[in-house]
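In: Provided below are the primary sequence and the corresponding predicted coordinates.
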Amino acid sequence: MKVLLVAFIVGMFAIVFVVSRRGRKQTEQVRDEYAQLRRLAPERGWTYTAHTQGQIDQYCGVGPFPRSGENLSAFHYTTGEFRGRPFIYFEYRYNNPMSGGEVAERKQLIVESVFFVKAPGSGPKVEIYRPGRLDALMDRRTKIQLGEPEFDQKFSIATRDEAAVRDLLSGGLVPFLLSDPRAEDSPVALRGDDLFTWYTGTLSPQAVDERLNYLCDVLERIPAQAWTAA
């Protein structure tokens with residue numbers, strides 16, 4: 001029994017050590033990526049702000065943002081041009097409402113990395129995404145189906161403007177989303193002339209290039225008449 005007890009204690013200490021070491025490595029990696037982001041912006045002629053408030057209030061009600069709010073904070077807020085298109089990207093952080101306790105240390109911080117690219121015109125309000133297991137119960141937005149079995153099985157389209165969205169998808173966007181692996185974890189949303197995507201997690205230089213390229217690729221597959229008709 002003593003041998004088993006000692007082995008159990010040693011095993012627990014080993015697990016704690018491994019988890020702690022892994023956590024430190026992840027923290028160091030995030031800090032290094034943040035430092036790279038600060039250097040990346042001036043190297044490419046972009047504008048970088050470590051923290052700003054109120055700049056993202058206009059996006060309330062879409063994507064990962066709350067329905068309403070004022071003076072929302074954005075971190076690593078960066079603007080510029082990418083492939084000839086104006087863009088914005090930043091981190092939006094908030095406390096998980098499902099985490100308990102009033103003490104800040106007990107609350108779970110959620111980080112959303114968000115990317116916007118300006119479209120050539122105004123379009124319908126729409127979100128195209130891969131639904132999760134709980135979406136059928138939790139997501140009460142109006143949705144449409146295209147009548148294409150493979151796409152309708154893999155993606156959900158949340159919109160109240162079916163005609164305009166069908167124009168939006170009438171080009172090469174549907175086969176692109178079905179074939180491009182980035183679409184699996186990159187929802188696409190449009191409101192006005194802002195096309196955006198996001199993911200849960202911290203920003204990195206690799207993610208910046210990947211997601212901005214993705215949004216530009218999406219825009220190139222939307223017919224010009226879709227913007228005119230919107």
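Out: Okay, I see it. Keep in mind that this is a model prediction, so the values were computed, not measured. Numbers count the residues shown, from 1 in each chain.

In: that's a helix at residue 115, yeah?
Out: No - using DSSP: H, G, I helix; E, B strand; the rest coil, the assignment for residue 115 is strand, not a helix.

In: average pLDDT across stretch 114-124?
Out: Per-region confidence: stretch 114-124 scores 95 on mean pLDDT.

In: List the buried residues in it.
Out: Using 16 or more other CB atoms under 10 Å as the burial criterion, the residues of stretch 114-124 that qualify are 114, 115, 116, 117, 118, 119, 123, 124. To be clear about C-beta, it is placed using only N, CA and C from the backbone, and glycine gets the same treatment.

In: Ok, stretch 211-219 next?
Out: Quick answer for stretch 211-219 (16+ other CB under 10 Å): 211, 212, 214, 215, 216, 218, 219.

In: In helices, which of these appear?
Out: 211, 212, 214, 215, 216, 218, 219 (DSSP state H).

In: So of these, which two are at opposite extremes in space?
Out: In those, two members sit farther apart than any others by CB to CB. They are 211 and 219, at 12.9 Å.

In: Give me the distance between residue 141 and residue 196.
Out: 17 Å (CB to CB, to the nearest Å).

In: Name the residue in those two with the higher neighbour count.
Out: residue 196 (23 against 11; other CB atoms under 10 Å).

In: State the helix or strand in which the more buried one lies.
Out: Element membership for residue 196 (DSSP states H and E) is strand 188-200.

In: all strands for this protein, in order.
Out: 47-53, 73-82, 85-95, 109-129, 143-144, 156-159, 188-200 (DSSP state E).

In: Tell me which of those sits nearest to residue 64.
Out: That would be strand 109-129 among those, by CB to CB, at 4.2 Å.

In: and the angle from the closest one to strand 73-82?
Out: 50 degrees (axes from the mean of the first three to the mean of the last three CA atoms, to 10 degrees).

In: coming back round to it: out of the buried residues of stretch 211-219, which comes closest to residue 44?
Out: For the buried residues of stretch 211-219, the nearest to residue 44 is residue 212 (11.0 Å; CB to CB).

In: Relative to residue 157, how far out is the closest one?
Out: Distance, residue 212 to residue 157, by CB to CB: 23 Å.

In: try residue 107
Out: As judged by CB to CB, residue 107 and residue 157 stand 34 Å apart.

In: which of those two has more neighbours?
Out: Comparing residue 107 with residue 157 by other CB under 10 Å, the one with more neighbours is residue 157, at 21 against 16.
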